[in-house]
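Participant: next one to model:
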Amino acid sequence: MTETETQDNTGKGKAFFDRADQVAETGNWDFAVELYIEGLRREPENLQRGHKPLRNVALNRKAQGGKGPGMMDKLKYRQGKDPLENLMNAEYLLSKEPGSVEYLEQALKAAQALELREVVQWLCDILLEAMRQASKPSKRVLVRLTQAFEQIQEYPKAIQTADMARQLDPGDEAVADKLKELSAQYTIHKGKYDQEGDFQRAVRDLDKQKELIEEDSVVKDESYLDKQIKRARQEYEADPTTPGKISAYVDALTKAEDEDMENQAVEVLDKAFRQTGQYQFKFRIGEIKIKQMTRRHRELVNAGKKDEAAEAAREQLEFELNEYAERVKNYPTDLGLKYELGRRQYMAGNYEEAIGLLQQAQRDPRRQALAMIYLALAFSKKQWYREAADTFKRLLESVELGEQRTKEARYHYGRTLEEMGELAEAADQYSQVAQMDYQYKDVRDRLESIRNKVRQRNGE
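Facilitator: Okay, the predicted model is just below:
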């Protein structure tokens, strides 16, 4: 990407970056990822406002148990011919699995094709630290990094990666020759490095990347968590009204999933909400309390305390109904929140309220399938079978569903048709489910029962 093209892109992603920052502060990591990606699609060179905060979101998402990309994601976001699209696809997959060397390499290749020097250097630094942290570094990746660093004339790091590759395979003459060549090139170019300038800044950047890789570890020991909390607390106490400092301190307190620390985080957020009136802090309090309730419910289930678990589930549903109602009031255009509230209204048996919310939520492409399934089920619970059937039919005809969602939709469509007395049509839906999964729920019994009824009606 040329300098002129970079200048032409300036500011085009700002609206998406700004919104992504806001969403990230609420902990809605997946939505924030999508917004950052949309911003980067318009400003792929924007390292500070796009790539770096996207990675921070990815690391936070991973630390809080976010799942990696599924098979459909890997197929949908695979590499193609367009380097910009390849970069966006790689960044999306990397946001789901920030420690993946494969996705880092894909992003690096795309950034090189787009001639995004700063992004290339940043990705190389992350990959280099990943190799330094790896129990078994990859010689292939190190050679690839050597070439990339050399291409952007980062000779000290190219020498470092070449030396690491040589240590893994001392007998590789090609690597040894490359190391000599790079040393000579560095001697020629080292005059460009101010002793207190570029080189030392590069070292400091590498230290930052080491910290990011450490943060990406799935298992974090107590000493590391204590260090994070202490640092975040010091920064917060020095500047207790800055949202970023508050969020960083809360993030540190909640990573250990320790209830006492989480309660400290709630106190910090409550103070910030009372001082500023910013709803984002109250939103975060709700997230922590829901997380605590979910954990308690799981513990009761695992302990075999069914009655107590059921009561805990009822209390949590009541809390979440109030919580999401408040969120929808504060963020009235967020269809994702309307879906979440609509789903909970359905679970609570408030079908009329659920229908209104889910009809709006179905306009969100990311939640369209689930919103339509719950919408149809809500119609069915009110015995509005025709409306339910039409919703299921529209869903199956117009929305791309995975196998599990297809089975679910066809099964409930069949039950709705059965309630309407349209037995042949119901049998057709059950048959399609049985062909996909013979063991799915009670589909075999229902299909056989309907076919017996049809034969009796026909006098067979």
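
Participant: any stretches of the stretch 1-150 of the chain with poor pLDDT?
Facilitator: Within the stretch 1-150 of the chain, the segments meeting pLDDT under 70 span 1-11.

Participant: now do 50
Facilitator: 2-8 (pLDDT under 50).

Participant: what ranges do the strands span in it?
Facilitator: Under the criterion DSSP state E, counting those that start in this stretch, the stretch 1-150 of the chain contains no strands.

Participant: okay, helices next: where are they in it?
Facilitator: 3-9, 14-26, 29-42, 52-63, 71-76, 83-96, 101-113, 117-133, 139-151 (DSSP state H, counting those that start in this stretch).

Participant: out of these, which gets nearest to residue 394?
Facilitator: Across those, residue 394 has its closest neighbour in helix 71-76 (21.8 Å, Cβ to Cβ). Any C-beta I mention is one placed from the backbone N, CA and C, and that applies to glycine too.

Participant: contacts for the closest one, please.
Facilitator: Contacts to helix 71-76, defined as Cβ atoms under 8 Å, 6 or more residues apart in numbering, come from residues 92-93, 96, 402.

Participant: make it 10 Å
Facilitator: Applying Cβ atoms under 10 Å, 6 or more residues apart in numbering, the contact partners of helix 71-76 are 67-70, 89, 92-93, 96-97, 103, 400, 402.

Participant: now the helices for the stretch 301-450 of the chain?
Facilitator: For the stretch 301-450 of the chain, applying DSSP H, counting those that start in this stretch gives helices covering 306-330, 335-347, 351-361, 368-381, 385-398, 403-419, 423-436, 443-457.

Participant: among those helices, which comes closest to residue 117?
Facilitator: Across those, residue 117 has its closest neighbour in helix 335-347 (36.4 Å, Cβ to Cβ).

Participant: just put the helices of the stretch 1-150 of the chain in CSV and tack on mean neighbour count and distance to residue 438.
Facilitator: Shown next, in CSV, are those (neighbours: other Cβ atoms under 10 Å; distance: least, Cβ to Cβ, whole Å):
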stretch, mean neighbour count, distance to residue 438
helix 3-9, 11, 54
helix 14-26, 19, 43
helix 29-42, 21, 34
helix 52-63, 21, 37
helix 71-76, 12, 22
helix 83-96, 22, 33
helix 101-113, 21, 36
helix 117-133, 22, 45
helix 139-151, 20, 45
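
Participant: quick check: residue 296 touching residue 312?
Facilitator: Yes - counting by Cβ atoms under 10 Å, residue 296 touches residue 312, with 5.9 Å between them.

Participant: what's the closest non-adjacent residue to residue 178?
Facilitator: Among residues not flanking residue 178 along the chain, residue 162 sits closest, at 5.3 Å (Cβ to Cβ, 6 or more residues apart in numbering).

Participant: ok, the one you found - contacts?
Facilitator: With Cβ under 10 Å, 6+ apart, residue 162 has these contacts: 142-143, 145-147, 149-150, 175-183.

Participant: now with 7 Å, please.
Facilitator: Residue 162 makes contact with 146, 175, 178-179, 182 under the criterion Cβ atoms under 7 Å, 6 or more residues apart in numbering.

Participant: ok, back up a step: pipe the helices of the stretch 301-450 of the chain into a markdown table and attach mean neighbour count, mean pLDDT and distance to residue 265 per row.
Facilitator: Formatted as a markdown table, the helices of the stretch 301-450 of the chain follow (neighbours: other Cβ atoms under 10 Å; pLDDT from 0 to 100; distance: least, Cβ to Cβ, whole Å):
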| stretch | mean neighbour count | mean pLDDT | distance to residue 265 |
| --- | --- | --- | --- |
| helix 306-330 | 15 | 95 | 17 |
| helix 335-347 | 22 | 94 | 22 |
| helix 351-361 | 20 | 96 | 30 |
| helix 368-381 | 22 | 95 | 30 |
| helix 385-398 | 18 | 95 | 40 |
| helix 403-419 | 20 | 93 | 35 |
| helix 423-436 | 19 | 94 | 45 |
| helix 443-457 | 15 | 90 | 46 |
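
Participant: so which of those is nearest residue 47?
Facilitator: Judging these by Cβ to Cβ, what sits closest to residue 47 is helix 335-347, at 28.1 Å.

Participant: show me what that closest one is packed against.
Facilitator: helix 306-330, helix 351-361, helix 368-381 (3 or more Cβ pairs under 7 Å, 6 or more residues apart in numbering; DSSP states H and E).

Participant: coming back round to it: tell me which of the helices of the stretch 301-450 of the chain sits nearest to residue 56.
Facilitator: Across the helices of the stretch 301-450 of the chain, residue 56 has its closest neighbour in helix 335-347 (21.0 Å, Cβ to Cβ).
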